[in-house]
Every structure is written in C-alpha cells, then in structure tokens.
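K.L.:
Predicted model, plus sequence, below.
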Amino acid sequence: MPAPSRWLAVAGFFALTPIAGAAPAPHSVALAAGYKAAFLCSGVFDAGETEAAVAADDLEGTYPEYQEAVRTLPARIDREAKTVSVAFDDHLPPRIAAWRPGLGCAQLPIGAGPEAIAVLPQLEARPPAGDPDARRWPDGDRDATVTAPADEARRLDAVVARAFTAGSYGAGDKTTAVLVVRDGKIIAERYRDGYDLHRPQRTWSAAKSITASVLGRAAALHVLTIDAPAKVPEWRHPGDPRAAITLAQLMHMNSGLFTNGPGNRTDEIYVGGGAVTQVATSMPLEAAPGTRFRYANDDVLLAARALRAEIGDDRRYLAFPYQELLWRIGMAHTTLETDWQGNYVLSSQVWSTARDLARLGLLYLNDGVWSGDRLLPDGWARFVATPAGAQPEPAGADRLGYGALFWTAGERQGLPDGTYAMLGNRGQWVVIVPARHIIIVRRGFDSMGGTQFDGRVFAQEVLAATQ
C-alpha cells in the first residue's frame with residue numbers, strides 16, 4: 001500500500017490500520033456483509049444514488065480485507081420497506097440495514113432477523129416547513145454565489161479543475177465536489193457528474209467536527225459542562241476510574257482509553273451492528289487521562305453517549321442535533337445515523353453535502369452566531385481550534401495539531417495561522433481560514449489503498465489563486 005504524506009496520515013490513514021489479531025474468517029465475512037448492507041442502504045435511501053453508483057464509489061477502494069467479499073456477496077434492496085439485506089451464511093439471517101426518515105440507516109446485530117426492524121428508534125421531529133431552495137443563502141440555497149473578478153476567477157477555475165483530474169493531488173484521489181466560500185458567498189463550486197448541491201455522501205471523520213458543534217450547542221444551553229466528567233452511565237459504578245474522564249478530554253482525544261491501535265477501527269459498531277453502549281463504553285484505561293493523544297473514534301462516540309445521558313429523554317436526544325443546530329443553520333441535506341439502540345454514531349456515520357458542510361464552517365467563522373442568534377458559546381470557535389492537552393507526536397514539519405474534534409494548522413503547513421479543519425477518510429476536507437474569511441470544501445471517494453487527496457496543497461493553491 002503506498003504510504004500517504006505525513007499530513008494525510010494524520011487526517012485519515014490511522015483508520016486504515018488493520019485490527020491487531022485478525023478476526024476469524026466467518027466473522028470477517030459477517031462484517032463485510034454489514035459493510036455492504038450499510039453503504040448500499042445509506043447510498044440508495046439517504047443520497048438517492050443508484051445501486052451501480054454505490055457499488056462504483058462507496059463499495060470500491062475500501063478496506064482491503066473486506067474488498068473481495070463486498071464485491072461478491074449478494075445484496076437485496078427492498079425499496080418499499082427501505083431495507084438492504086446481504087446474505088453471508090447458510091445458518092444465519094442476512095445482514096440487514098434499515099432506513100428511517102431523518103435517522104438514515106441502522107444495522108441490525110449479526111444474527112437478527114427482519115422482525116428486529118420494529119424496535120429501531122424513530123425521529124419524531126420534522127424539519128421546518130417550506131422549500132429550503134427558496135430561502136436565501138446560507139439559510140437556503142437561493143442567491144448563494146457571486147462571481148469573482150475575471151483574473152481571479154480564471155486562476156481559481158484552473159485550481160478547481162485540477163482537483164477533478166485524477167492523480168493531481170494524490171495517486172488514489174477521486175473528487176466529487178469542490179466549493180469555496182469567501183466573505184459568506186460561494187465563489188467557486190463544481191460537482192462530478194451524478195452529484196450536485198443536494199446529493200450527500202458520507203462525511204467519514206469530518207462528522208467528529210459536527211459532534212463538536214452539537215456539544216457546543218448543548219453547552220450553550222447549559223445541558224452539559226465541557227470541563228466536567230463525562231456522564232457515561234456505564235462508568236458510574238463505584239470505583240470506576242473512567243468516571244473522572246472529562247468531556248474536554250474526550251474532545252481532545254486525551255481520554256487515555258485503550259484502543260485497538262491508532263485510529264481505533266470501530267468495525268464492530270460501524271459494520272458489525274454493535275451498539276455504542278455495548279462496545280465503546282467497555283474500553284479500559286491504558287494511560288492517565290490528559291497525558292496521551294490517541295486519535296480514537298470511541299472518544300467521540302462516548303462524548304455523544306454522555307450527551308444522551310445528560311438529556312435523558314431519548315426522543316429529545318434524537319431531535320436535539322436537528323432542532324437545536326442543523327435545521328437552524330440550513331443544513332437540510334444532512335442525516336445523522338444511529339446504531340440499532342438509538343445511539344448516534346457521530347464519529348463517522350453522517351451523510352452531508354458540500355454546501356451543508358460550508359454552512360457549518362460559516363457558523364464557525366461567525367464564532368457561533370447565526371442570523372444574530374448565538375448558537376455556540378462565546379469563544380467556542382477559538383476553543384475547538386486551539387491545541388490543548390497531549391498532541392499528535394511530531395512526524396515532520398507539516399504535522400497537524402489537534403484542537404477539540406478539529407485539526408489545527410498554520411504557517412508550519414504553509415497556511416495562515418489560525419487555520420483549522422474538519423477531515424475525514426476517503427478525502428473529506430473542510431478547511432476554515434479565518435484570516436482570509438475563506439472556507440474550502442472538497443469531497444471525494446479516494447481509495448483507501450492509495451495516496452489520498454492532499455488537501456494541504458490544494459488549500460495553498462486555492463488561497464494563492466484568491467489573492
């Protein structure tokens with residue numbers, strides 16, 4: 001497997017590390033079946049893609065240990081029931097993923113039959129009435145763009161076009177969308193054939209920054225306190241040392257919890273049908289909280305678990321991210337998915353559009369204020385963009401820092417100081433440049449087996465083109 005750049009290794013390659021001690025072959029096949037069921041379900045029912053498009057994009061270039069089984073296992077799409085079933089074992093039911101309005105697709109546990117669909121949680125809240133396309137940008141999609149001066153537009157168009165030329169920014173890059181916002185308006189926007197402003201795709205770990213925003217909204221409403229111990233019920237047994245881990249330490253990836261290696265592959269949840277409350281909450285301490293940086297999906301899942309406990313009412317918990325944040329800033333084409341027990345899987349399983357991610361970036365450029373309403377605490381943008389606690393170990397001059405579920409960058413990476421970013425596997429980039437009032441979004445289906453899109457160089461070139 002070609003080695004990615006150091007910067008890209010920070011952004012997503014951790015997640016590609018094989019699990020230590022390979023699982024038995026039958027279980028690996030069950031996970032591959034779950035992968036296919038999950039991505040077909042979300043691609044078809046969240047994004048409105050064809051089965052062929054999902055197969056070509058989401059199901060290709062994936063984890064090498066699953067790739068062949070994902071290609072060959074038979075899948076059945078029930079468009080009336082909105083389910084996908086993938087047979088994998090003669091003695092067990094197929095792996096099943098089922099779609100629900102607003103909550104997308106949830107996987108049933110291995111061994112569960114279709115009767116278990118009836119117990120899946122449902123979102124009772126509904127989005128605001130009216131057509132979001134008719135509302136003015138950024139609340140909607142009307143009047144979103146402005147034309148840059150002619151010379152600048154030519155330079156910017158050339159950079160954007162290069163992003164859609166395979167291999168320009170990485171041997172395995174495969175771009176679907178590029179969007180550049182300056183001073184609140186879109187100055188460049190382009191999509192691959194089959195994609196447009198309304199078609200979402202999986203955010204992968206860019207979802208972690210959405211989690212930071214949901215937690216920030218909860219902090220603004222005094223639902224939780226970031227510096228207080230995370231309210232994880234499974235840790236509340238007397239004498240459990242994990243009860244002292246704070247939400248801030250989880251957000252800084254400083255929990256000290258054991259993981260199965262850097263990147264913390266969470267296959268048992270993502271594609272195995274396991275619940276967050278069964279898997280992520282079971283990890284023991286490995287280091288004193290606050291003393292070690294370890295990029296870990298579990299830390300994010302546990303922060304969202306703590307929010308569910310703080311809210312208490314599951315119906316309110318499911319509605320909270322939508323009613324209190326996403327719908328309030330016009331993110332009408334974003335879907336947060338849950339496990340089968342109703343825990344949001346906010347480390348990765350979110351489907352969103354380039355414009356919706358740009359909207360979130362705008363909220364941060366405005367320090368959490370939207371249309372005059374403060375949605376995030378005063379100074380929240382500075383908090384998430386400031387390295388704190390233990391940091392990623394140095395690995396060269398271009399190594400990123402880490403804030404609170406956002407990566408941080410600056411002059412060392414050839415970018416303006418104060419730059420920070422939402423990053424996700426397969427080339428998901430949202431780079432926020434406060435010094436230039438610019439947001440750069442790039443979406444893709446980069447191969448996990450190749451060098452992924454170099455967003456650092458792309459951001460440098462976009463900024464140079466817009467001088």
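P.N.:
Nice, thanks for sending it over.
K.L.:
And the strands in the stretch 101-250 of the chain?
P.N.:
104-107, 175-182, 185-191, 201-202 (DSSP state E, counting those that start in this stretch).
K.L.:
Tell me which of the ones you listed sits most buried.
P.N.:
Highest mean neighbour count of the strands of the stretch 101-250 of the chain: strand 104-107, a mean of 27 (counted as mean count of other C-beta atoms under 10 Å). Every C-beta, even on glycine, is put in place using the N, C-alpha and C of the backbone.
K.L.:
Just the C-alphas of that strand, formatted as CSV.
P.N.:
Output in CSV follows, covering the C-alpha atoms of strand 104-107 (Å, rounded to 0.1, in the frame of the first residue of the first chain):
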residue,chain,number,x,y,z
GLY,A,104,-30.9,7.2,7.9
CYS,A,105,-29.8,3.6,8.1
ALA,A,106,-29.2,1.4,11.1
GLN,A,107,-27.7,-2.0,11.1
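K.L.:
Quick check: mean pLDDT of that strand?
P.N.:
The pLDDT scores in strand 104-107 average 98.
K.L.:
try stretch 399-413
P.N.:
94.
K.L.:
And that stretch, how far out from the chain middle?
P.N.:
17 Å (C-alpha atoms, centre = their mean, to the nearest Å).
K.L.:
about what we covered before: put together JSON lines for the strands of the stretch 101-250 of the chain, with distance to Thr145 on each row.
P.N.:
Below are the strands of the stretch 101-250 of the chain laid out as JSON lines (distance: least, C-beta to C-beta, whole Å):
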{"stretch": "strand 104-107", "distance to Thr145": "29"}
{"stretch": "strand 175-182", "distance to Thr145": "10"}
{"stretch": "strand 185-191", "distance to Thr145": "4"}
{"stretch": "strand 201-202", "distance to Thr145": "21"}
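K.L.:
Tell me which of the ones you listed lies nearest to His27.
P.N.:
Closest of the strands of the stretch 101-250 of the chain to His27 is strand 104-107, at 14.7 Å (criterion: C-beta to C-beta).
K.L.:
For the closest one, give me every contacting residue.
P.N.:
34, 37-38, 41-42, 45-46, 84, 95-100, 120-121, 271-273, 335-340, 349, 351 (C-beta atoms under 8 Å, 6 or more residues apart in numbering).
K.L.:
can you tell me which of those are in strands?
P.N.:
Per DSSP state E, strands hold the following members of the contacts of strand 104-107: 84, 95-100, 335-336, 351.
K.L.:
what's the farthest-apart pair in those residues?
P.N.:
Arg95 and Leu336 (21.5 Å).
K.L.:
the more surrounded of those two?
P.N.:
Applying other C-beta atoms under 10 Å to Arg95 and Leu336 shows that Arg95 carries more neighbours, namely 32 against 25.
K.L.:
That one and Ala33 touch, don't they?
P.N.:
Yes. The pair Arg95 / Ala33 is scored as a contact, 4.0 Å apart, by C-beta atoms under 8 Å.
K.L.:
Now do the shared contacts for those two.
P.N.:
Common contact partners of Arg95 and Ala33 (C-beta under 8 Å, 6+ apart): 86, 88.
K.L.:
Show me the shaky parts of the stretch 301-450 of the chain.
P.N.:
The stretch 301-450 of the chain contains residues with pLDDT under 70 at 395-398.
K.L.:
Walking through it, point out its strands one by one.
P.N.:
Here the stretch 301-450 of the chain has its strands, by DSSP E, counting those that start in this stretch, at 335-336, 350-352, 369-370, 373-374, 401-402, 407-408, 420-424, 428-433, 438-444.
K.L.:
Serialize the ones in strands among the contacts of strand 104-107 to a markdown table and add fields for distance to Asp139.
P.N.:
A markdown table is the format used below for these (distance: C-beta to C-beta, whole Å):
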| residue | distance to Asp139 |
| --- | --- |
| Val84 | 34 |
| Arg95 | 39 |
| Ile96 | 37 |
| Ala97 | 32 |
| Ala98 | 32 |
| Trp99 | 27 |
| Arg100 | 26 |
| Thr335 | 19 |
| Leu336 | 20 |
| Trp351 | 20 |
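K.L.:
Next one: Leu31 from Gly273, what distance?
P.N.:
For Leu31, the distance to Gly273 equals 9 Å [C-beta to C-beta, to the nearest Å].
K.L.:
correction: Arg316
P.N.:
Arg316 is 25 Å from Gly273, where distance means C-beta to C-beta.
K.L.:
higher neighbour count, the two?
P.N.:
The residue with more neighbours, out of Arg316 and Gly273, is Gly273; 25 against 15, by other C-beta under 10 Å.
K.L.:
quick one: contacts for Leu326?
P.N.:
332, 334, 336, 356.
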